[in-house]
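> Sequence and predicted model, in that order:
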Amino acid sequence: MKILNIKTPKALLGKYGEKMARRYLRRHGYRIIKKNFVAESNEIDIIAENRETLAFVEVKTRTIGHENPNEPRPASSVDQKKQRGIIKAATFYTAYNPTPKKKRFDIVEVYVNQKNGKYYLAEIKHLINTFNLNTAYERPRK
């Protein structure tokens with residue numbers, strides 16, 4: 001149960017991005033199974049499937065014109081800690097929902113324009129199989 005349901009501008013932007021990502025995935029042959037799945041304090045934005053794959057999707061939304069110079073693209077904010085959390089939640093999900101389908105971890109980058117307080121979709125990039133157990137747990141190189 002959520003005690004506070006505060007709609008901050010960042011939360012509204014994120015929800016809009018997730019909505020656009022779900023629409024994109026549906027148009028590209030995916031069926032949305034779950035949204036905002038939480039297990040052990042870790043969240044997966046979207047769980048979707050097509051004929052052969054179960055995809056655990058992290059959505060990153062950015063407003064054009066407000067780019068962060070330390071983050072070359074939205075997907076770069078999905079660091080190893082975030083990847084490990086998504087993998088833990090996905091492991092929990094598949095333990096209770098077994099499937100013979102291949103599993104993978106995707107990122108959908110959503111770019112939007114903002115005008116008069118409203119968001120307008122500019123571009124979507126679907127990055128397929130962006131991380132796995134090996135990349136989420138590899139040690140940084142020195």
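Structure's in. What do you need?
> Per-residue pLDDT of Arg73, please?
For Arg73, the model assigns a pLDDT of 89.
> Not counting residues beside it along the chain, what's closest to it?
Excluding its sequence neighbours, the residue lying closest to Arg73 (Cβ to Cβ, 6 or more residues apart in numbering) is Glu109, at 6.5 Å. For every residue, glycine as well, the C-beta is placed using N, CA and C.
> need the next SSE after the one helix or strand that neighbour maps to, C-terminal direction.
For Glu109, the host element (DSSP states H and E) is strand 102-115. Downstream of strand 102-115, the next assigned helix or strand under DSSP H and E is strand 118-131.
> in that following strand, what's buried?
Judged by neighbour count using 16 or more other Cβ atoms under 10 Å, the buried positions of strand 118-131 are Tyr119, Leu121, Ile124, His126, Leu127, Thr130, Phe131.
> For the last one, list each beta-bridge partner.
For Phe131, the beta-bridge assignment (DSSP bridges) gives partners Phe105.
> And for Phe56?
Bridge pairing for Phe56 - DSSP bridges - gives Ile47, Phe105.
> Surely it touches Lys88?
No - counting by Cβ atoms under 8 Å, Lys88 is not a contact partner of Phe56; they are 10.9 Å apart.
> which of the two has more neighbours?
Legend: neighbour count by other Cβ atoms under 10 Å for Phe56 and Lys88, higher for Phe56 (23 against 16).
> okay, which residue is most central for the protein?
Nearest to the mean C-alpha position of the chain, counting by Cα atoms, centre = their mean, stands Glu58 at 1.2 Å.
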